[in-house]
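A.B. asks: here you go, sequence then predicted model.
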Amino acid sequence: MTNDHKALPGLLTPEATLHRLADQLATRFAGVFTRETIDRYVFESYTALGRTAKVTTHLPVLTERFAVERLTALAQAKGAIETDTCEVLFVCVHNAGRSQMAAALMAHHGGNRVHVRSAGSQPTASIDDAVVEAMAEIGIDLGAEFPKPLTDDVVRAADVVVTMGCGDACPVYPGKRYLDWQVRDPAGLSVGEVRAIRADIDARVRALLAELHPADVSV
């Protein structure tokens with residue numbers, strides 16, 4: 001942690017904020033991870049998100065969400081947290097379009113039957129505006145979502161990994177189901193064009209969910 005970002009009078013420095021966050025997560029994951037692991041994940045997550053962040057105001061909040069997601073995934077992969085919910089990971093290059101849409105649609109249709117994550121092999125600073133607008137049209141708000149780097153822990157925790165144009169960037173582990181969806185990249189496209197991509201992804205998501213839960217006729 002450098003001193004490039006100095007705190008205003010009365011406010012914590014970024015480093016102090018991260019140490020406070022690590023304190024909170026150490027309590028949350030007590031008995032699961034050592035403090036050293038918690039510190040490493042918090043500071044690594046902050047650094048990874050900071051590489052693409054245009055505005056750092058909300059970076060500590062996003063760091064907390066990202067670190068919690070990664071630590072939870074690591075705990076699941078190690079068997080420290082047991083779950084019978086299917087874990088689905090969607091991966092594309094920038095995590096700003098296709099994988100965000102797929103994850104949101106899977107969470108929307110799947111409810112508590114699945115747990116969904118998304119990531120990017122080369123994440124950008126924000127989700128594409130046309131993607132946010134197209135999803136809002138069907139009542140799905142992506143306003144709180146943000147592009148996240150692809151990390152080994154979320155891949156290890158997944159039961160199903162769906163790649164969407166990220167090539168060989170996603171590591172392969174035995175015992176997992178890997179799918180590759182050839183879906184058009186919405187980057188730079190109009191909302192009208194993104195609607196067609198949304199419909200394509202929605203159909204694929206519904207089909208996958210029906211495979212994962214064949215007895216559920218509601219999908």
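C.D. replies: Received the coordinates, thanks.
A.B. asks: for the residue nearest to the spatial centre of the chain, name its beta-bridge partners.
C.D. replies: Against the mean C-alpha coordinate of the chain, by Cα atoms, centre = their mean, the closest residue is residue 118 at 3.6 Å. With DSSP bridges applied, residue 118 shows beta-bridge pairing to residue 90.
A.B. asks: just give me the longest helix of this structure.
C.D. replies: helix 191-212 (DSSP state H).
A.B. asks: packing partners of that one?
C.D. replies: strand 86-92, helix 98-110, helix 129-136, strand 160-163 (3 or more Cβ pairs under 8 Å, 6 or more residues apart in numbering; DSSP states H and E). From N, CA and C alone the C-beta is placed, and that goes for glycine too.
A.B. asks: right, and the helix or strand after the last one?
C.D. replies: In other words, strand 160-163. strand 177-180 (DSSP states H and E).
A.B. asks: before we move on, the earlier item: any chance of the helices and strands packed on helix 191-212 in JSON lines, with mean pLDDT, mean neighbour count and distance to residue 176 too?
C.D. replies: Below are the helices and strands packed on helix 191-212 laid out as JSON lines (pLDDT from 0 to 100; neighbours: other Cβ atoms under 10 Å; distance: least, Cβ to Cβ, whole Å):
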{"stretch": "strand 86-92", "mean pLDDT": "96", "mean neighbour count": "26", "distance to residue 176": "9"}
{"stretch": "helix 98-110", "mean pLDDT": "97", "mean neighbour count": "25", "distance to residue 176": "16"}
{"stretch": "helix 129-136", "mean pLDDT": "98", "mean neighbour count": "19", "distance to residue 176": "27"}
{"stretch": "strand 160-163", "mean pLDDT": "96", "mean neighbour count": "23", "distance to residue 176": "6"}
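A.B. asks: to residue 64, which of those lies closest?
C.D. replies: Nearest to residue 64 among those is helix 98-110 (19.2 Å), distances taken as Cβ to Cβ.
A.B. asks: can you give me every residue that contacts residue 81?
C.D. replies: 32, 72, 75 (Cβ atoms under 8 Å, 6 or more residues apart in numbering).
A.B. asks: for the chain, which residues score under the pLDDT cut-off?
C.D. replies: Low-confidence segments of the chain (pLDDT under 70): 1-11, 55, 167-168, 215-219.
A.B. asks: need the contact partners of stretch 202-214.
C.D. replies: With Cβ under 8 Å, 6+ apart as the test, stretch 202-214 has contacts from 86, 88, 102, 105-106, 109-110, 113-114, 160, 162, 179, 181, 183, 216, 219.
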